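S.K.: Sequence isn't available, so here's the structure alone:
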């Protein structure tokens, strides 16, 4: 049961937090494509340019320290289909969006907006928190946002930023015909997410409260698999 609690909690912040899968560096920027204000200043041809994403997924392998911290919450997780939880990771299918994988050495490495299906529902002491409708914004400052539903009703300002994602730690993207795999992005619990999670489970001001500082809690490492045209 403890293993499931950890995964659930991990997945919980994956939604509740943002900031995730899941791609962006900790620098500044907005959420538009390279041709817009968030774009790269380089003229080098991108490694891949998906005008329309048609599938694949974002998988987050949770950090052991993060899992240990979340066991304090004593939550019981369940995946909201078609998302899945397995071992120490959570996988969230991609259903739409657009993304550009820029040439090596370009900052940001990836730009775009990726919409996911499914989510996570966490239950603790009769309280049910559903994290859903994840949208991953990629750029110089990448975040994963979504909607939080507390006991069947919207909670907080939507969308809430769940994770902050640093793509500067990614390895060189692997691209193929209509596909791209981005590995190694580091995911952190966003301050807004930690605050919302603490409030939802009445943890604010307690010893078990999640830290709310910037990049105070590492969630894990994300692998983003893109497919499109």
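M.R.: Perfect, thanks for sending it. If you're wondering where the values come from, they're calculated on a predicted model, not measured in any experiment.

S.K.: Mind checking what helix or strand follows the helix or strand bottoming out on mean pLDDT in the chain in sequence?
M.R.: The weakest-scoring helix or strand in the chain, judged by mean pLDDT, DSSP states H and E, is helix 2-16 (a mean of 41). Going down the chain from helix 2-16, the next helix or strand is strand 48-50, by DSSP states H and E.

S.K.: Quickly run through the sheet partners of that next one, with directions.
M.R.: Taking DSSP bridges as the criterion, strand 48-50 forms sheet pairs with strand 89-101 (antiparallel).

S.K.: Going by neighbour count, list what's buried in the helix or strand immediately after the strand it pairs with in the chain.
M.R.: Heading C-terminal from strand 89-101, the first helix or strand you meet, by DSSP H and E, is strand 110-116. For strand 110-116, the neighbour count (16 or more other Cβ atoms under 10 Å) marks 110, 111, 112, 113, 114, 116 as buried. Heads up, the C-betas are built off the backbone N, CA and C, glycines and all.

S.K.: from these, which two are the most distant?
M.R.: Across the buried residues of strand 110-116, the longest distance by Cβ to Cβ is 17.3 Å; it joins 111 and 116.

S.K.: Where does pLDDT dip in the chain?
M.R.: Along the chain, segments meeting pLDDT under 70 span 1-43.

S.K.: what's the span of stretch 173-191 from first residue to last?
M.R.: Counting by Cα to Cα, to the nearest Å, you get 29 Å between the two ends of stretch 173-191.

S.K.: Show me how far it is from its chain's centre.
M.R.: For stretch 173-191, the separation from the chain centroid amounts to 11 Å (computed by Cα atoms, centre = their mean, to the nearest Å).

S.K.: Any buried residues in it, and which?
M.R.: Applying 16+ other Cβ under 10 Å to stretch 173-191 flags 173, 180-191 as buried.

S.K.: circling back to that earlier point, list just the nearest of the buried residues of strand 110-116 to residue 99.
M.R.: Residue 99 lies nearest to residue 112 out of the buried residues of strand 110-116, by Cβ to Cβ, at 3.2 Å.

S.K.: Specify the beta-bridge partners of the nearest residue to that closest one once chain neighbours are set aside.
M.R.: Of all residues not flanking residue 112 in the chain, residue 99 sits nearest, at 3.2 Å (Cβ to Cβ, 6 or more residues apart in numbering). Per DSSP bridges, the residues bridged to residue 99 are residue 50, residue 112.

S.K.: hang on, isn't residue 99 packed against residue 138?
M.R.: Yes: between residue 99 and residue 138 a contact is recorded at 6.2 Å, counting by Cβ atoms under 8 Å.

S.K.: who's more crowded, these two?
M.R.: In terms of neighbours (other Cβ atoms under 10 Å), residue 138 is the more surrounded of residue 99 and residue 138; the figures are 34 against 26.

S.K.: Does the more buried one lie in a helix or a strand, and which?
M.R.: Using DSSP H and E, residue 138 sits in strand 127-138.

S.K.: Between strand 89-101 and that strand, find me the angle.
M.R.: For strand 127-138 against strand 89-101, the angle between stretch directions is 30 degrees (axes from the mean of the first three to the mean of the last three Cα atoms, to 10 degrees).
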